[in-house]
Structure formats: structure tokens, C-alpha cells
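Asker: below is the structure, and that's it, no one-letter string:
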């Protein structure tokens, strides 16, 4: 029987609501207020989502664009809080969601490594002890003392991944960032993820790449319009996702012909 101590991540009836802009002028505001909506209309990115991820498990979250995948990852990362329900995360999280999101363009790569490491919960001593490994992984020896605003997107991505990959997380969140960079660096990233798996790290992967799902994941959660549609073995869930996409495309084609 599985217990809470076996679970790295737990969602219990989680919803996340955002406010969509409806009007700025008083003339627009008063009719909206009369309808009980005030300035904005609510939009649910996630609605009554429940699932759990065991410690050391690797899962994928797949779904169409706008289905709520990135919102879900941000809730796990603690970047945002749920509107309703409860999110329990047990362990240190390293989010590869928006690589280099904590970087400051006017600071050098060296300075940003220390700042980003602190954001990810590393001490100054830990960053210093791993600094050479981080730079070597990112392949940025010649540019580490250059302001990152002069980096290409690929260099930015490599440094962001390198810092996160050396932060010793209990839970690794990966959101499509592996699609950036050349093939050689992607292979290096894949091997790093396999190393995390061997060490018992929990991995949550968001991707449209079915090959990555088959390569890394034990279980897949399919979400659509903010709801969990299904969860299960990768082959079955990928087939369900493909059918979902085909259905949407067929509907769009039919609407175009009308």
C-alpha cells in the first residue's frame, strides 16, 4: 500500500483560475459589475485536478497547447499557488521550465551562475564547489565572464540547464527545454536525465516529443482543457493523445469546409 511518504508530488482537487481582461473604462466596468464579474471574467487553466507521483518515478504530462501543462508545472515548482485544492511537494525542486529565467542580462555568466544557484536553493559553497563542472557542462569557458545579454539563445539555454542540472534536486521538472540546442548538447542533457533517474530523482517531463516520452517515462498523464483526461502506460496514452489531435484537426477541417 502506497503512503504519503512514498509520494513526491500530490495534487488534491486543484484548480487554478486566472482573470481575463474585460474592460478598463468605467463605461465598460459598470455593466460587467452588474453581471457580478467586475473588471474581468475568470478563466480556469486547471479544474479539479488530482494525481500523485511516487518518489523516483518518471512521468510525462502531455496535451494540446493551452491544456494547462505549464500551469501545472509552475504549481509544482511553487511559482504560483492554486486557487482551490492542495498541492503537496515533498523534496527540493529544480525547475527546467524557463531556463535562465532568473538571469540578469547585465551580469556575467559567472555572476549569474551564483545568483541562479541561490534561487535554486544552493549555498555559495555548493556553487563554488561545482562551478567548474557547471561551466564545462555548458561549454562556455570562453564566455563565462561575458554579460549574458550578449549570449545567443543556445548559450543562454546551456548555462541555465547546467546550473539546474548541478543543483541536486529531489524533483526535476522539464518543460520542452530539451528542444533547444544542437544534437550533441541534447544527448548530453538526455544522459544527465538518465543519471538523475539512476539516482532516484523524481522527473516530470512536459513535451510534445513522443520519442522522449517513450525513452524516459514509466507513466503518462494526458490533460485537456485543464482536466486530467486519462493516465496510464506511455503507448496507450500516446495513442489517446494522437486520437485527440486527429479529432480536433478533423473538426477544424469540417468547420473550414462549411
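Answerer: That came through fine. Just so it is clear, the structure is predicted and the values come from calculations on it, not from any experiment.
Asker: make it CA atoms for all contacts and neighbour counts henceforth
Answerer: Will do.
Asker: what's the helix or strand where residue 71 lies packed up against?
Answerer: Secondary structure from DSSP states H and E places residue 71 in helix 69-77. Using 3 or more Cα pairs under 8 Å, 6 or more residues apart in numbering; DSSP states H and E as the contact test, the elements touching helix 69-77 are strand 40-54, strand 84-89, strand 93-96, strand 171-175.
Asker: pLDDT averaged over whichever helix or strand comes after the longest one - what is it?
Answerer: Scanning forward in sequence from strand 40-54, with DSSP H and E defining helices and strands, the next element found is strand 58-62. When the per-residue pLDDT values of strand 58-62 are averaged, the result is 96.
Asker: could you do stretch 204-218 as well?
Answerer: Across stretch 204-218, pLDDT averages out at 90.
Asker: mind listing residues that contact that stretch?
Answerer: With contact meaning Cα atoms under 8 Å, 6 or more residues apart in numbering, stretch 204-218 is reached by 57-63, 69-70, 171-176, 194, 220, 233-235, 238.
Asker: one more time with 6 Å, if that's ok
Answerer: Contacts of stretch 204-218 from elsewhere in the structure, counted by Cα atoms under 6 Å, 6 or more residues apart in numbering, are 58-61, 173-176.
Asker: closest to residue 153 among those?
Answerer: residue 176 (14.5 Å; Cα to Cα).
Asker: any idea how far the closest one is from residue 199?
Answerer: The gap separating residue 176 from residue 199 is 22 Å, by Cα to Cα, to the nearest Å.
Asker: please apply the same query to residue 190.
Answerer: Distance from residue 190 to residue 199, by Cα to Cα: 14 Å.
Asker: looking at those two, which is more packed in?
Answerer: The residue with more neighbours, out of residue 190 and residue 199, is residue 190; 16 against 12, by other Cα atoms under 10 Å.
Asker: element containing the more buried one, please.
Answerer: Counting by DSSP H and E, residue 190 is found in helix 183-198.
Asker: in that helix, which residues are buried?
Answerer: Under the neighbour-count criterion of 16 or more other Cα atoms under 10 Å, helix 183-198 has 185-186, 189-190, 193-194, 196-197 buried.
Asker: ok, now stretch 50-57?
Answerer: Quick answer for stretch 50-57 (16+ other Cα under 10 Å): 50, 52-57.
Asker: now what about that stretch, what contacts it?
Answerer: Contact with stretch 50-57 is made by 6-13, 200-202, as judged by Cα under 6 Å, 6+ apart.
Asker: in strands, which of those appear?
Answerer: Of the contacts of stretch 50-57, the ones assigned to strands by DSSP state E are 7-13, 202.
Asker: farthest pair within those?
Answerer: Taking Cα to Cα as the measure, the ones in strands among the contacts of stretch 50-57 span a maximum distance of 21.6 Å, between 13 and 202.
Asker: who has more neighbours, those two?
Answerer: residue 202 (24 against 16).
Asker: look up how far residue 18 lies from the more buried one.
Answerer: 29 Å.
Asker: not counting residues beside it along the chain, what's closest to residue 74?
Answerer: Nearest residue to residue 74, sequence neighbours excluded (Cα to Cα, 6 or more residues apart in numbering): residue 80, at 6.0 Å.
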